[in-house]
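what follows is a predicted protein model with its sequence.
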Amino acid sequence: MADANAMATGKLPVCEKRVNHMGDLALWQRSRAYHDLIGYINGTSSAIQGIRTTDEMYESEMLRKLLQLFDQLEKLVEQHPPLEQPQRFGNKAYRDWARTMREQLPELLGQVLPDAKQKYLNELLQYLMESFGNATRIDYGTGHELSFLFFMCALFKAEILLEQDIVSAALRLFNRYLDFARQLQRTYNMEPAGSQGVWSLDDFQFVPFIWGSAQLAVKSPFDPARFVDEQIINDFKEHFMFISCIDYICKVKTGHFGEHSNQLWSITAVPSWIKINTGLVKMYQKEILSKFPVIQHVYFGELMSFETVAAGTTLSNARLGHVAPPPSKRICISTPATANLVPPTPLVAPPPPAEALSNDANVGDSSSESSDNSVVLRPRTESPAVGIEGSGDKSTHQADGELSKEQQAD
C-alpha cells in the first residue's frame, strides 16, 4: 500500500512489475489484483448474459468519453500508414504509431478523468499504454489484452466507472477496444505474441470468448454445435462477441476450421454455453494467468494491487443460467475509499480448513465457493452486503459434478 507521505500528497506509487521469478506466480495468484480480476470477469459474465452487443443499454457520459479515446487513436493510425517493406510480419510503421500514442495518451486520458481522479492517471495510463502491443517485437497477444482488463477493472475500483456501467463497459468499451486491436493487427501485420498455433484458443484474444459465451448463456438463438456454421456467423456476428471472434478468425485464416482452430472446434461438442463459459474461465486461469512468460510483463499499482489477500478469501464464480439481478441486488468487490485500500473480508463462504490453504493445487481456481459473488466494483459501505436473489447455478453440487464434462471446453 502507499506510504503515509504518498497518501498525504494524493500521489500514488509508480506501477511496477512484481512477478520476476517463477516463485512469484503463487504470490500473484493470492494477490488482490488476481482476485479482483477474476471477480470482474465473472461478475461481468453474470451481468451480460442474455444481452446482445447491439441491444440498447445505458451509457454514462464517462463511458462515452472513454470510447472517444479510440477515435483519437484511430486518427494516429491514419497518420502512420504501413510502410512498403518485404517482411511478412511486423510493419515498422507500428513503432511510429506506438511512439506517438505514448506521447499523446497522457494528455488524452488526463482530459477524460475528473479532477478528483487525476491521482490515478499514472496507473491507468500504464495499463492502457500496455494494451496495444509491443513496439520492439511488433506483436500483440493475450498479455496486452490482460493489461486492458486491468485498465477496465481499475476504472471501477477508482469509481471512474460506476455500477450501472458494468454492461456497457463490456459490450461497448471492451468491444471498441477489440475492434481497434484488430485494426492494429491488420494494418501493421502484427505477430501473435506467444501463440501456440493450432493448440491455442486464438492467436490474439481470449476474454471475448468468455464474455461472448456468457451473452449466450440465456436466450441463445442457436446451440454451441452450430457456431461455426456460415449462416450463424453471418446472422449473429454483430450481435454476440463470441461469433464476432469466429468471424474474424474465418477472415484471417484459411482451410478447415477444425485444422487451424482445433481448440475452438472442440467446443462445438460441449452441450451448453454455461459449461463452455465455465471451461473457458478455467482455461484462462491455467493457460494465461498461470504462465510466467505472460505475467512477468504485468504492472501492478495501487488500484490493481499485488498485496496478498486475507487468508480464506476465495474467488468468485459467474452465476449463469438466469438473467442477472438488478444492480441493487448484486454484491460488489470493494474499491478504494479515498486513499485507503482495505482488502474485503469473505462475505459468504467460511474460511477453508488450514490444510486447504496450504494446497497450492487449488490456488487460482475460481470453481471454489464464491466469497463475494461479485459483479460490480464499488465502494464498500458499513452495512452488510445484500445477497444475490434468483441468480446463480441451481446448486453448487450440480456445478461441481459437471467439471469433467467442461474439460471439453478447456
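It's in.

low pLDDT regions in the stretch 1-150 of the chain?
1-13 (pLDDT under 70).

and the helices in it, which stretches?
4-9, 24-29, 32-48, 61-79, 93-112, 121-129, 142-157 (DSSP state H, counting those that start in this stretch).

which helices and strands sit right next to the third one?
So the one you mean is helix 32-48. Helices and strands touching helix 32-48, by 3 or more CB pairs under 8 Å, 6 or more residues apart in numbering; DSSP states H and E, are helix 142-157, helix 166-168, helix 207-215, helix 273-287, strand 331-333, strand 374-377. Bear in mind the C-beta positions are built from the backbone N, C-alpha and C, glycine included.

can you put the ones you listed in CSV and add mean neighbour count and distance to Gly90?
What follows is those, written out as CSV (neighbours: other CB atoms under 10 Å; distance: least, CB to CB, whole Å):
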stretch, mean neighbour count, distance to Gly90
helix 142-157, 24, 15
helix 166-168, 22, 34
helix 207-215, 27, 24
helix 273-287, 23, 25
strand 331-333, 24, 39
strand 374-377, 27, 37
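
lowest-confidence stretch among those?
Mean pLDDT is lowest for strand 374-377 among those, at a mean of 37.

follow-up on the earlier one: want to throw the helices and strands packed on helix 32-48 into a markdown table with distance to Asn20?
Formatted as a markdown table, the helices and strands packed on helix 32-48 follow (distance: least, CB to CB, whole Å):
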| stretch | distance to Asn20 |
| --- | --- |
| helix 142-157 | 16 |
| helix 166-168 | 34 |
| helix 207-215 | 25 |
| helix 273-287 | 21 |
| strand 331-333 | 27 |
| strand 374-377 | 28 |
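
quick check: which of the helices of the stretch 1-150 of the chain has the most neighbours on average?
helix 32-48 (a mean of 26; mean count of other CB atoms under 10 Å).

distance between it and the chain's centre?
8 Å (CA atoms, centre = their mean, to the nearest Å).

can you show me the CA trace of stretch 246-260 as CSV?
Provided in CSV are the C-alpha atoms of stretch 246-260 (Å, rounded to 0.1, in the frame of the first residue of the first chain):
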residue,chain,number,x,y,z
ILE,A,246,-15.3,-16.6,-35.0
ASP,A,247,-16.0,-14.3,-38.0
TYR,A,248,-12.6,-12.6,-37.6
ILE,A,249,-10.8,-15.9,-37.4
CYS,A,250,-12.5,-17.1,-40.6
LYS,A,251,-11.4,-13.9,-42.4
VAL,A,252,-7.7,-14.1,-41.4
LYS,A,253,-7.2,-17.9,-41.7
THR,A,254,-7.9,-20.3,-44.5
GLY,A,255,-8.6,-24.0,-44.5
HIS,A,256,-10.9,-26.2,-42.4
PHE,A,257,-11.9,-24.5,-39.1
GLY,A,258,-11.0,-27.7,-37.2
GLU,A,259,-7.5,-27.7,-38.6
HIS,A,260,-6.5,-24.1,-37.9
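
between the helices and strands packed on helix 32-48, which gets nearest to Ser305?
helix 142-157 (9.3 Å; CB to CB).

got the angle for the closest one vs helix 93-112?
0 degrees (axes from the mean of the first three to the mean of the last three CA atoms, to 10 degrees).

show me what helix 142-157 packs onto, helices and strands only.
Contacts defined by 3+ CB pairs under 8 Å, 6+ apart place helix 142-157 against helix 32-48, helix 121-129, helix 175-187, helix 292-295, strand 374-377.

separation between the closest residue to Leu216 other than its chain neighbours and Ala154?
Excluding the flanking residues, the one nearest Leu216 by CB to CB, 6 or more residues apart in numbering is Trp273, at 4.2 Å. Noted for Trp273: a distance of 29 Å to Ala154, by CB to CB, to the nearest Å.

which non-adjacent residue is nearest Arg18?
Nearest one to Arg18, counting by CB to CB, 6+ apart, is Phe306 at 4.4 Å.

check which helix or strand the one you found maps to.
When elements are assigned from DSSP states H and E, Phe306 belongs to no helix and no strand.

was I right to think it contacts His35?
No: taking contacts as CB atoms under 8 Å, Phe306 lies outside contact range of His35: 11.5 Å.

burial count for the spatially closest residue to His239 that is not a sequence neighbour?
Distances taken as CB to CB, 6+ apart put Arg52 closest to His239, at 4.3 Å, once the chain neighbours are dropped. Residues lying near Arg52 (other CB atoms under 10 Å) number 18.

for Lys253, see how far away Arg52 is.
26 Å.
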